[in-house]
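Undergrad: sequence first, then the predicted structure:
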Number of protein chains: 2
Amino acid sequence: MEMNNAVTSLSALAQESRLEAFRLLVRAGPEGLPSGDVARALNVPANTVSTHLSILTRAGLVSSRRDGRHVIYQANLGGIRKLIDYLLADCCQGDPELCGSLLEQLTPHC
Amino acid sequence: MEMNNAVTSLSALAQESRLEAFRLLVRAGPEGLPSGDVARALNVPANTVSTHLSILTRAGLVSSRRDGRHVIYQANLGGIRKLIDYLLADCCQGDPELCGSLLEQLTPHC
DNA sequence: TCCAATATTCTAGAAACATGGAAATGAATA
DNA sequence: TATTCATTTCCATGTTTCTAGAATATTGGA
């Protein structure tokens, strides 16, 4: 991942409604949720949510598929993974000794 | 972590110079770097970098200590860890079956 | 074909943010 | 104390982003 992608992903998440939309989709799992459900859950107008979801999509954090009249969005955890990799690249110059003291445990749950 | 902290952390990183400053400190490891070194490495005026570092500090992503005339900053990976936890909370409603298909491997290196 | 449901694009005013010069602060040294 | 170095705070400016109303697709069903 290069810097601009990282900035795009981080900017996409650095906004309340979009962050909540993303987390909602993370919770929903691979089935995903239609745009309208996201709008209702977040209590935000449909057009605003649509903009949010398109920003998350451009950032590679969610993807979508059409199902009849619905467009179903789902979280793309690969996008988050790449972001984390970028953030922590060459951590402690790669020295595991040093790294340990900083990292403690960085292992995500789930 | 609550939402506002997450937004603060994400906003702090969602900006080129700050993102690079953070990554530089991640690379530097526990020893950290003085503010001036960060400014030179990023080729950004000292006062601008100082603002950047204070934003990262408020976000809990870096910490600092004074050493003589220098103020030495270091990455605080615990801050990143909390952020990741928040982003992925209740992933797939906690169902490991579903989760697997989304996660593949989310384990960071280092 | 016509209508209802769902989602997206366009737009612009309001709000928030980024930047860097100048001045101020804090710390070491002569 | 005076001087220098390192960093921070103050502030004005220009830029970007957020939001939601209105208009425009797109799809399925009567």
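TA: Thanks, I have the structure now. Residues are numbered from 1 along each chain as shown, chains lettered A, B, ... in the order given.
Undergrad: A:Asn5 contacts A:Gly79, doesn't it?
TA: No. The criterion here is Cβ atoms under 8 Å, and A:Asn5 misses it with A:Gly79 at 9.0 Å. All C-beta spots, glycine's among them, are computed from the backbone N, C-alpha and C.
Undergrad: higher neighbour count, these two?
TA: Legend: neighbour count by other Cβ atoms under 10 Å in any protein chain shown for A:Asn5 and A:Gly79, higher for A:Gly79 (21 against 15).
Undergrad: DNA strand D contacts on chain A?
TA: Along chain A, the residues adjacent to DNA strand D under the rule Cβ under 7 Å from any atom of the strand are A:11, A:14-17, A:44-45, A:47-48, A:51-52, A:55, A:66, A:68-69.
Undergrad: and A:Ala6, how far from chain B?
TA: Counting by Cβ to the nearest Cβ, to the nearest Å, the separation of A:Ala6 from chain B is 6 Å.
Undergrad: er, A:Glu16 actually
TA: 6 Å.
Undergrad: all helices for chain A, in order.
TA: Along chain A, the segments classed as helices by DSSP state H run A:3-13, A:16-28, A:35-42, A:46-58, A:77-87, A:96-103.
Undergrad: reformat these as JSON lines; add mean pLDDT.
TA: Below are the helices of chain A laid out as JSON lines (pLDDT from 0 to 100):
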{"stretch": "helix A:3-13", "mean pLDDT": "97"}
{"stretch": "helix A:16-28", "mean pLDDT": "97"}
{"stretch": "helix A:35-42", "mean pLDDT": "98"}
{"stretch": "helix A:46-58", "mean pLDDT": "98"}
{"stretch": "helix A:77-87", "mean pLDDT": "92"}
{"stretch": "helix A:96-103", "mean pLDDT": "67"}
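Undergrad: which one of those lies nearest to B:Val26?
TA: helix A:77-87 (7.1 Å; Cβ to Cβ).
Undergrad: picking up where we left off before, ok, which of the helices of chain A comes nearest B:Ala39?
TA: Across these, B:Ala39 has its closest neighbour in helix A:3-13 (18.2 Å, Cβ to Cβ).
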